[in-house]
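In: Any chance you could fold what I've pasted below:
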Amino acid sequence: MSLLRFNVFRPAFFKAVPCFIILMSAIVFAGNAYSADVTLAWDAVSQPGMTVTGYRVYHGTNGSVYPTKGCDVATTSCKVSGLVDGQKYYFVATAYNGYGESAYSEPVSYTVPRALQTFTITASAGANGSISPAGTVSVTEGQSKTFTISPHGGFHVDGVLVDGEFKGTFATYTFNTLSASHTIYATFASTPVTLHTIVASDDGNGSISPNGNVTVIEGNNQNFTITPNTGYRIADVRVDAQSVGARSTYEFPNVTGSHTISASFAVNTFTITATAGSNGSITPGTVTVAQGSGQNFTITANSGYEITDVVVDNQSVGAVTSHTFSNIVADRTITAFFAAVPKTDSTEDNSSSATTTNPSDTTDIPAPTGMNTDNTTGSATPAVTPRQEYVNQTPDAPELYLPANGAQEVSLTPLLEIVGFSDPDSDDDHDATHWQIAADESFGDLILDVVVDRSRKINYLVNFLVPHGTLHSDQLYYWRAAVKDDCENTKNWSNWSETFTFTTAAEVQPDKNANGVPDDKEPKYSDLDKDGFNDNEQPLIRVIKGGKGQSLIGIKAVEGVSRINYFTSIDPESIPEEYGPRPKLRHGLMVFNVTLEQVGATARIELFLPDKPHSRAEWYKHDPINGWYKFPVDSVDGKYFIEIEDGGFGDADGAANGIIVDPIGLAEMASEPESAPAPDQSGSACFIETTLDRSAVESASVGNRQTVVLGLICCGFTLLWLAVAMSLMPKVRGPFEVRFLF
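Out: Numbers count the residues shown, from 1 in each chain. Reported below is the predicted structural model:
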């Protein structure tokens, strides 16, 4: 719709009406889209003592001469026909009666739309490829059309011809703002095959498949499978001399050059933990042995003492003086107990014996020799006998409850739960629980191995919350538990429970590139260690986006680590208060899972933070056994490092399994912040962020609110002044409007 304005014009009638004023507005619009008909409308002339007989409309094409009379009507509108598409016309109107005709009104103009044409594009392709769309394609004038050219396998686009003229070798071609018909034709030619070689090798303690010189067509993918021999594990895989971690598969995508890949393996080792009670020894002590090998232990009591029991993997094997482990395929334990040799007297009479009932009235034990046990009167005559010791019975194996056997879509931090504690000795209570999760049914590949007793800060005797970062998505896990009683003499472990399985939920946090960083937390690019490479594309550094705009948080494995499997941050509020009061963490709780170069090794990790910690800031860790606790962090030349031993203090999975699971966070400053240095413009990983205390923030908030209120008051006065000024202005009658309706 177009809008034009008309000024007042003064037409004059002939003879009796020498001069009068006609106020006219004209609405000009097309009767049909792109037609050559136009309808005009105007205001009626109203003048006292004067009657208008009719109106005439004239038009022309130059704006000064109006040779054609379009209509002569008694009403205030008319339709003008016979106009040419695309031509601009000028229209004027007159009023007349028996005394004559007025002068022309001021003109209005209107351009008749031009009807759009339809053109065709004829598309075709030669052999060994295609064009889409193909055939004759109709396109409206002024529109655009794109064609896609696709070669068959082993061929490429050799040429695109438009109207017979070579335009190039395109995958797509677009006709823009079409104004004529065209042809397009695509040709194809064979593509020579380029071959590349990938040299694959292993150290003989396992295999890589395929092996040797592997030929790959350029652009294709090539996958390799790494398999350790029995008794060995994958130690490392190196691609083009760079470690990519201990992985069982590796794929070269879109091969465009030659490469090397090599796999190294290490013998599987397991720990036999040997423990001797007081007054005796076990030789050798705790040892590490290769898978499939054996190990003998000798148990020796001190002088005046004797062996009372030897417990192997929580099972008694009796008061033996030696024990041999054969074909070791998992961590084992052996514990020896000792007691003083009972003293005897020369007057001892071993010719008779009797029984009496213990105080609990549940188990009979031999009565001391010489004690009268019948109901006759008279005093009993005691005799010296060997000491009779109470024998503690083994607790019942616990019954597993949650997760139910075969459970699916289980959380990555599930709550393991047993039904309760049961012991044949009614006076014994529940003293400890041993929780295990493994990746295999034999529990040789332990994921979690934690013993919780009553001395722990949080009592996980019947249930246990698996720490963050321990489990992975869409994985099958095996779990079991054992319990220990609290007998004063000798505390016994039960047998292991039956084994339950569960499968974790798939893609809890999507990670399309499988680098261990959730997609929603991964920055597009970072280089916190300033080595010129994107951090998250390297095996030993991981970076996530922090909670403050574009701030970054990262970890880098400095020593003892072969691969970072997982790194993210979690909200401390997600950890229930029942597991201890939460400290205020500046950047949330950082959680990582790393694979070590050797089982039982110590990992040294560098921490990257978006702002400099206060000199009195404290670092906290969390695990379900100890709750929240402080953890030492080294500060060296402005850098921050933590050291964690596999299975030791700070390793949340509790197992010396070659994997460390660690959640750690920086607590809020407990006092006024130090003055921060100027921001590091060099791109340092530890850049400074200004910190305000609570009172300063609140003061700033009050000031902001006051500023807003004053601003609203000023706006109110301004609007009131404008309203008064407009009401006092004289009303001005503006020119009439003319609207074209198309």
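In: Where does pLDDT dip in this structure?
Out: Scanning the chain for pLDDT under 70 picks out 1-35, 343-390, 456-459, 507-508, 547-550, 576-580, 615, 624-625, 667-742.
In: Can you tell me how far the residue nearest the centre of it is from residue 156?
Out: Centrality entry for the chain: nearest residue to the mean C-alpha point is residue 518, 2.6 Å, by Cα atoms, centre = their mean. According to Cβ to Cβ, to the nearest Å, residue 518 stands 40 Å off from residue 156. All C-beta atoms are positioned from the backbone trio N, CA, C, and that covers glycine.
In: for residue 446, same thing?
Out: Relative to residue 156, and taking Cβ to Cβ, residue 446 is found at 54 Å.
In: between these two, who's got more neighbours?
Out: Counting neighbours by other Cβ atoms under 10 Å for residue 446 and for residue 156 shows that residue 446 has the greater number, 22 against 15.
In: my guess is that one meets residue 654, correct?
Out: No: Residue 446 lies out of contact with residue 654 (Cβ atoms under 8 Å); the separation is 9.1 Å.
In: and the residue nearest to the centre of the chain, what are its phi and psi?
Out: With angles defined as degrees, to the nearest 10, residue 518 sits at phi -60, psi 140.
In: my read: it touches residue 511, true?
Out: Yes: Residue 518 lies in contact with residue 511 (Cβ under 8 Å); the separation is 5.7 Å.
In: if I've got this straight, residue 536 is in a strand?
Out: No: the assignment for residue 536 (DSSP: H, G, I helix; E, B strand; the rest coil) gives helix, which keeps it out of a strand.
In: my read: it touches residue 522, true?
Out: Yes: Residue 536 lies in contact with residue 522 (Cβ under 8 Å); the separation is 6.1 Å.
In: Strands of the stretch 251-400 of the chain, residue ranges please.
Out: 259-267, 269-276, 280-283, 287-290, 295-301, 305-312, 315-318, 322-325, 332-340, 354-357, 364-367, 400-402 (DSSP state E, counting those that start in this stretch).
In: closest one to residue 532 among these?
Out: Nearest to residue 532, of all those, is strand 259-267, at 20.8 Å by Cβ to Cβ.
In: who does that closest one pair up with?
Out: Within its sheet, strand 259-267 is paired with strand 195-202 (parallel), strand 232-239 (antiparallel), according to DSSP bridges.
In: Next, format the ones you listed as TSV and append distance to residue 622 and mean neighbour count.
Out: Output for the strands paired with strand 259-267, formatted as TSV (distance: least, Cβ to Cβ, whole Å; neighbours: other Cβ atoms under 10 Å):
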stretch	distance to residue 622	mean neighbour count
strand 195-202	41	17
strand 232-239	30	19
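In: can I get these in TSV with distance to residue 427?
Out: Formatted as TSV, the strands paired with strand 259-267 follow (distance: least, Cβ to Cβ, whole Å):
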stretch	distance to residue 427
strand 195-202	59
strand 232-239	46
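In: Indicate which one of the ones you listed is closest to residue 666.
Out: strand 232-239 (32.3 Å).
In: contact partners of that closest one?
Out: Contact with strand 232-239 is made by 205-206, 226, 228, 243-248, 250, 252, 259-268, 291, 562, 597, as judged by Cβ atoms under 8 Å, 6 or more residues apart in numbering.
In: downstream neighbour of it in the secondary structure list?
Out: Next along the chain after strand 232-239, taking DSSP states H and E as the criterion, comes strand 242-243.
In: which helices and strands does that following strand pack with?
Out: Helices and strands touching strand 242-243, by 3 or more Cβ pairs under 8 Å, 6 or more residues apart in numbering; DSSP states H and E: there are none.
In: Direction included, what does that strand pair against?
Out: Strand pairing (DSSP bridges) places strand 242-243 next to strand 232-239 (antiparallel).
In: Show me how far the strand it pairs with is from its chain's centre.
Out: Offset of strand 232-239 from its chain centre (Cα atoms, centre = their mean, to the nearest Å): 27 Å.
In: Can you give me the buried ones in whatever helix or strand residue 122 lives in?
Out: Using DSSP H and E, the element containing residue 122 is strand 118-125. Neighbour counts over strand 118-125 (16 or more other Cβ atoms under 10 Å) mark 119, 121, 123, 125 as buried.
In: Mind listing the residues bridging to the third one?
Out: So that's residue 123. Bridge pairing for residue 123 - DSSP bridges - gives residue 135, residue 184.
In: Go ahead and confirm it touches residue 147.
Out: Yes: using Cβ under 8 Å, residue 123 is in contact with residue 147, at 5.6 Å.
In: mind listing what the residue nearest to residue 117 when sequence neighbours are not counted touches?
Out: Distances taken as Cβ to Cβ, 6 or more residues apart in numbering put residue 141 closest to residue 117, at 4.6 Å, once the chain neighbours are dropped. Residues near residue 141 by Cβ under 8 Å, 6+ apart: 116, 117, 118, 119, 178, 179.
In: how much space between residue 141 and residue 167?
Out: Taken as Cβ to Cβ, the span from residue 141 to residue 167 is 22 Å.
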